[in-house]
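1. the following block contains a protein sequence and its predicted model.
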Number of protein chains: 2
Amino acid sequence: MNTIRIPFPEMQSVFQRILMKHGFTAKKAEICAGIFAENSLEGIYSHGVYRFPRFVEYIKKAFIDVNAEPRLVQVAGALEQWDGQLGPGPLNARFCTNRAMQLASENGIGCVAIANTNHWMRGGTYGWQAAKKGFVFMGWTNTEANMPAWGAKESRLGNNPLVFAVPFGNEAIVLDFAMTQFSYGKMEAAQLEGKSLSFPGGFNKNGELTNEPGEILESRRALPIGYWKGAGLSLLLDILATVLSAGLSTRELSQKEAEYSVSQVFIAFSLKKLSNFPSIENTIIEIISDYKNSTPDESESEIRYPGERVLQTRAENLKNGIPVLKTIWEQVTKL
Amino acid sequence: MNTIRIPFPEMQSVFQRILMKHGFTAKKAEICAGIFAENSLEGIYSHGVYRFPRFVEYIKKAFIDVNAEPRLVQVAGALEQWDGQLGPGPLNARFCTNRAMQLASENGIGCVAIANTNHWMRGGTYGWQAAKKGFVFMGWTNTEANMPAWGAKESRLGNNPLVFAVPFGNEAIVLDFAMTQFSYGKMEAAQLEGKSLSFPGGFNKNGELTNEPGEILESRRALPIGYWKGAGLSLLLDILATVLSAGLSTRELSQKEAEYSVSQVFIAFSLKKLSNFPSIENTIIEIISDYKNSTPDESESEIRYPGERVLQTRAENLKNGIPVLKTIWEQVTKL
């Protein structure tokens, strides 16, 4: 397929122009375009350039209110509840991350739970945001149902992505993972390329584990990570996001015509308030050195920490431009 | 094998007598014996009666200091750092859970990180403790290395159990899971019984996934839940526990002659401080009803939420006594 390379500043300015055309202020368009362009720059194309057309579609359908601002619902000390008022997910999430960091600066730890927000695109974005400022970060979102409970046939759980991040030098270690072993996006891509999955990704319609993406796309029975464990974690993340934000649960989201009005949680810990702060950087370096010194297995590939690949992709794409399918980019520029 | 049934009060009083013999005060012996007996009552025998002899052995070896009390190291608002001073793990963990709940009552959210503590036995114990008082709970511990990094041959990661809990009526929903798909204890038991694992539990010495416990016990290559995802989560949980508590990392723990002086994190959220508190119970009931209404798969087994089985086991064992291998119980009573 025909791939072209778009320089980062060009991609951001194209996104910004389109967002302004759809009612964003210049300032908000710049920030939101920056998040979509950075996700693409760092290799998360599925939640960057390839997702941008759907973001615009959701604006047109009024699932996203471009002018909405998060509204403070209540304060319980270092725990705050906000209403996202259906504003743009990336802007709301960026706001909540900042607010959790402020609360952590004052109280050591801070938590913001937000109801009625929208898809945050790449969860890791907010992990990088907090960790690069010296905070430990944890956050998660619920989603519409796309994974069965353990022992069940039909999807009643979300894949509810969960993010953990810690500072690492001037960069960060960022773990960002969904509760399904493979996303439907990955399975669709594998099917298009005629490839099997590297590990079982779900059950076929006979209830047998399978590596064949087509069989899972047919049964809609995606596999939770760690089988019953990931299914349990998905359930708990949904309950926590729902009750802490007073927002909608996966069950309620799934009754809508599309996935909007989700519930999210953002927690920050201030490392700078700890007296061991000066030694923390070194502690993390020691743990990572030991980890990377592991003897590689039969695949002989490099042992990477979560987020490590991002640094390489970012450098490559900054130099050569962001790779995009030509047909998709043409479609984007016309939005 | 010959199994006998020990009534809960008898088990607790036997444990208490033994702990007092090994230097515990009557009060601390009662609490600690209660935790071991309750873990057994609720079906977690591996971290109850079957683990009790090793707990006594660790006291004798001075890995556990029966008289040590947690010491406050520093306060950063709602985030506190404590030193466990090698005290009994279950007592330290119970203390930290209470302290996190107090902090949450004052600040909405509270976090206690503790260094130099000991094995907490069943992590779920502390989830039940907090959730039954109306708090949301999250907590985790690091462990010695017992799982390879993704793409690695030898163990440099811990299985680092993670607990999430929420109130549910007068009971709780409690998810308590380690980062390995199966514990070494489970794999040893399966091998003894000549059984295969229900799903692959690790790699054999040739780097192939296997359901045969013997092959994994030989290779020591236990499988992380969700493959690379659980390996990443283990790494992050270790880094967070280590830096927040200023304690020892999995790397450092693994250099000791036995697993002691671990690092743990306890986080509580006060639901009662939220104005939506009155509706929370109902929200959780709705989510669980929907979840349990899933169509069962080919196995036709009941769809259970995390912690549901505990209620049944607790009732059975309260009525009939706690099942224990006769040889082990005889060994325990002689400690």
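-> In hand now; what should we look at?

2. which positions within the helix or strand of chain A with the lowest mean pLDDT qualify as buried?
-> Least confident helix or strand, chain A: helix A:184-192 with a mean of 92, by mean pLDDT, DSSP states H and E. Residues of helix A:184-192 classed as buried: A:184, A:186-187, A:190-191 (neighbour count, 16 or more other C-beta atoms under 10 Å in any protein chain shown). Backbone N, C-alpha and C define where each C-beta goes, glycine included.

3. before we move on, what about stretch A:306-323?
-> Result for stretch A:306-323 [16+ other C-beta under 10 Å]: buried residues A:306-308, A:310, A:313-314, A:317, A:321-323.

4. would CSV of the buried residues of helix A:184-192 with distance to chain B be doable?
-> As requested, the buried residues of helix A:184-192 are exported to CSV (distance: C-beta to the nearest C-beta, whole Å):
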residue, distance to chain B
A:Y184, 16
A:K186, 13
A:M187, 15
A:A190, 16
A:Q191, 20
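
5. would you turn those into TSV with distance to B:Q102?
-> TSV is the format used below for those (distance: C-beta to C-beta, whole Å):
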residue	distance to B:Q102
A:Y184	44
A:K186	44
A:M187	47
A:A190	50
A:Q191	53
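
6. before we move on, the earlier item: ok, which pair from the buried residues of stretch A:306-323 is furthest apart?
-> The largest separation in those, counting by C-beta to C-beta, is between A:P306 and A:G321 at 25.7 Å.

7. returning to that earlier point: mind listing which of the buried residues of stretch A:306-323 are in helices?
-> A:308, A:310, A:313-314, A:317 (DSSP state H).

8. spell out which parts of the stretch 51-200 of chain A neighbour chain B.
-> Within the stretch 51-200 of chain A, the positions near chain B by C-beta under 8 Å from any C-beta of the partner chain are A:73-81, A:104, A:106-111, A:136, A:148-154, A:156-157, A:164, A:166, A:173, A:175, A:177, A:181, A:199.

9. looking at the residues you listed, which are in helices?
-> With DSSP H as the criterion, helices contain A:104, A:106-107 from among those.

10. in chain A, which spans are helices?
-> A:8-21, A:26-41, A:52-60, A:89-107, A:124-131, A:184-192, A:213-219, A:228-245, A:250-253, A:277-292, A:308-320, A:326-333.

11. worst mean pLDDT among these?
-> Among these, helix A:184-192 carries the lowest mean pLDDT, at a mean of 92.

12. for that helix, packing partners?
-> Here helix A:184-192 touches helix A:213-219, going by 3 or more C-beta pairs under 8 Å, 6 or more residues apart in numbering or on different chains; DSSP states H and E.

13. which helices and strands sit right next to the helix it packs on?
-> Applying 3+ C-beta pairs under 8 Å, 6+ apart, one finds that helix A:213-219 makes contact with helix A:184-192, strand A:202-203.

14. ok, residues contacting that helix?
-> A:182, A:184, A:187-188, A:190-191, A:195-197, A:201-205, A:210, A:222-223 (C-beta atoms under 8 Å, 6 or more residues apart in numbering or on different chains).

15. if you set the cut-off to 10 Å instead, what comes out?
-> Outside helix A:213-219, the residues within contact range by C-beta atoms under 10 Å, 6 or more residues apart in numbering or on different chains are A:148, A:153-154, A:180-182, A:184, A:186-197, A:200-210, A:212, A:221-223.

16. columns distance to B:E30 on top of the helices of chain A, output as TSV?
-> Shown next, in TSV, are the helices of chain A (distance: least, C-beta to C-beta, whole Å):
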stretch	distance to B:E30
helix A:8-21	64
helix A:26-41	55
helix A:52-60	58
helix A:89-107	35
helix A:124-131	43
helix A:184-192	53
helix A:213-219	52
helix A:228-245	32
helix A:250-253	42
helix A:277-292	38
helix A:308-320	49
helix A:326-333	67
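
17. nearest to A:V265, of these?
-> Taking these one by one with C-beta to C-beta, helix A:228-245 is closest: 5.3 Å.

18. and the closest one with helix B:228-245, angle?
-> Angle of helix A:228-245 versus helix B:228-245, following axes from the mean of the first three to the mean of the last three C-alpha atoms, to 10 degrees, is 50 degrees.

19. then helix A:228-245 to CSV, C-alphas only?
-> The C-alpha trace of helix A:228-245 is given here as CSV (Å, rounded to 0.1, in the frame of the first residue of the first chain):
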residue,chain,number,x,y,z
TRP,A,228,-10.3,-14.8,34.2
LYS,A,229,-7.9,-12.3,35.7
GLY,A,230,-8.2,-9.7,33.0
ALA,A,231,-12.0,-10.2,32.9
GLY,A,232,-12.1,-9.5,36.7
LEU,A,233,-9.8,-6.4,36.3
SER,A,234,-12.1,-5.0,33.6
LEU,A,235,-15.1,-5.4,35.8
LEU,A,236,-13.4,-3.7,38.8
LEU,A,237,-12.0,-0.8,36.6
ASP,A,238,-15.5,-0.2,35.3
ILE,A,239,-17.1,-0.2,38.8
LEU,A,240,-14.4,2.2,40.2
ALA,A,241,-14.6,4.6,37.2
THR,A,242,-18.4,4.6,37.5
VAL,A,243,-18.8,5.1,41.2
LEU,A,244,-15.9,7.6,41.7
SER,A,245,-17.1,9.8,38.8
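
20. quick one, what contacts the nearest residue to A:D176 once chain neighbours are set aside?
-> Leaving aside its sequence neighbours, A:D176 sits nearest to A:G124 (C-beta to C-beta, 6 or more residues apart in numbering or on different chains; 3.6 Å). Applying C-beta under 10 Å, 6+ apart, we find A:G124 in contact with A:39, A:42, A:44, A:47, A:131, A:137, A:139, A:161, A:163-165, A:172, A:174-177, A:306-307, A:310.

21. inside strands: which ones of those residues?
-> Those of these mapping onto strands are A:137, A:139, A:163-165, A:172, A:174-177, per DSSP state E.

22. now tell me what touches the least confident helix or strand of chain A from outside.
-> By C-beta under 10 Å, 6+ apart, helix A:184-192 touches A:1, A:45-47, A:50-51, A:146-147, A:159, A:178, A:180-183, A:195-198, A:201-202, A:211-217, A:220, A:222.

23. let's go with 8 Å and repeat that
-> Helix A:184-192 is contacted by residues A:46, A:146, A:182, A:196-197, A:201-202, A:213-214, A:216-217, A:222 when judged by C-beta under 8 Å, 6+ apart.

24. residues near the nearest residue to A:A37 once chain neighbours are set aside, how many?
-> Spatially, and ignoring its direct neighbours in sequence, A:A37 is nearest to A:Q12 (3.9 Å; C-beta to C-beta, 6+ apart). Applying other C-beta atoms under 10 Å in any protein chain shown, we find 22 residues neighbouring A:Q12.

25. same deal with the one 10 residues further on?
-> Residues lying near A:H22 (other C-beta under 10 Å) number 14.

26. got the domain ranges for chain A?
-> A:1-60+A:321-335, A:66-143+A:150-178+A:225-273, A:181-223 (automatic domain parsing).

27. shaky segments in the stretch 51-200 of chain A?
-> Of all residues in the stretch 51-200 of chain A, none has pLDDT under 70.

28. same list, the ones in helices among the buried residues of stretch A:306-323, but only the ones touching chain B.
-> The subset of those within reach of chain B, counting by C-beta under 8 Å from any C-beta, is empty.

29. nearest to B:F277 among these?
-> Using C-beta to C-beta, these come closest to B:F277 at A:V310, 39.9 Å.
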